[in-house]
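Undergrad: let's see this in three dimensions:
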Amino acid sequence: MISERNKYKEKFLKLLGANVKKVRENKGLSQFKLSIEADIPKNQVGRIERGEINTSIFTLKRIADALQVEVIEFLQK
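TA: Model (predicted):
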């Protein structure tokens, strides 16, 4: 049985990932190119975008810098 807390966490991570993907696609970057620009593994970009991992704020900052946006853009609905 999935607890309410886990449902909330899953929903949040999916939203975060969808926002990262949306910004990345709007900037015309592939996951591979973003991974190079942010200096993180390509598979990590995919896992973040799918909401599969709870990434660190530092990694989000690196992604935001690579996309030339503020981290807050990933947290908005």
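Undergrad: other SSEs contacting the helix of greatest length in the chain?
TA: For the chain, the helix with the greatest residue count under DSSP state H is helix 4-26. Contacts defined by 3 or more Cβ pairs under 8 Å, 6 or more residues apart in numbering; DSSP states H and E place helix 4-26 against helix 42-49, helix 57-67, helix 72-75. Glycine gets a C-beta too; all of them are placed from N, C-alpha and C.
Undergrad: could you redo the last one with a cut-off of 10 Å?
TA: The contact analysis (3 or more Cβ pairs under 10 Å, 6 or more residues apart in numbering; DSSP states H and E) places helix 4-26 against helix 31-38, helix 42-49, helix 57-67, helix 72-75.
Undergrad: got a markdown table for those helices, with mean neighbour count too?
TA: Output for the helices and strands packed on helix 4-26, formatted as a markdown table (neighbours: other Cβ atoms under 10 Å):
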| stretch | mean neighbour count |
| --- | --- |
| helix 31-38 | 17 |
| helix 42-49 | 18 |
| helix 57-67 | 16 |
| helix 72-75 | 14 |
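Undergrad: nearest to residue 4, out of those?
TA: Among those, helix 72-75 comes nearest to residue 4, with 20.5 Å by Cβ to Cβ.
Undergrad: can you list the low-confidence ranges for this structure?
TA: Under the criterion pLDDT under 70, the flagged ranges of the chain are 1-2.
Undergrad: so who does residue 54 touch?
TA: 9, 12-13, 16, 48 (Cβ atoms under 10 Å, 6 or more residues apart in numbering).
Undergrad: quick check, nearest of these to residue 72?
TA: residue 16 (11.5 Å).
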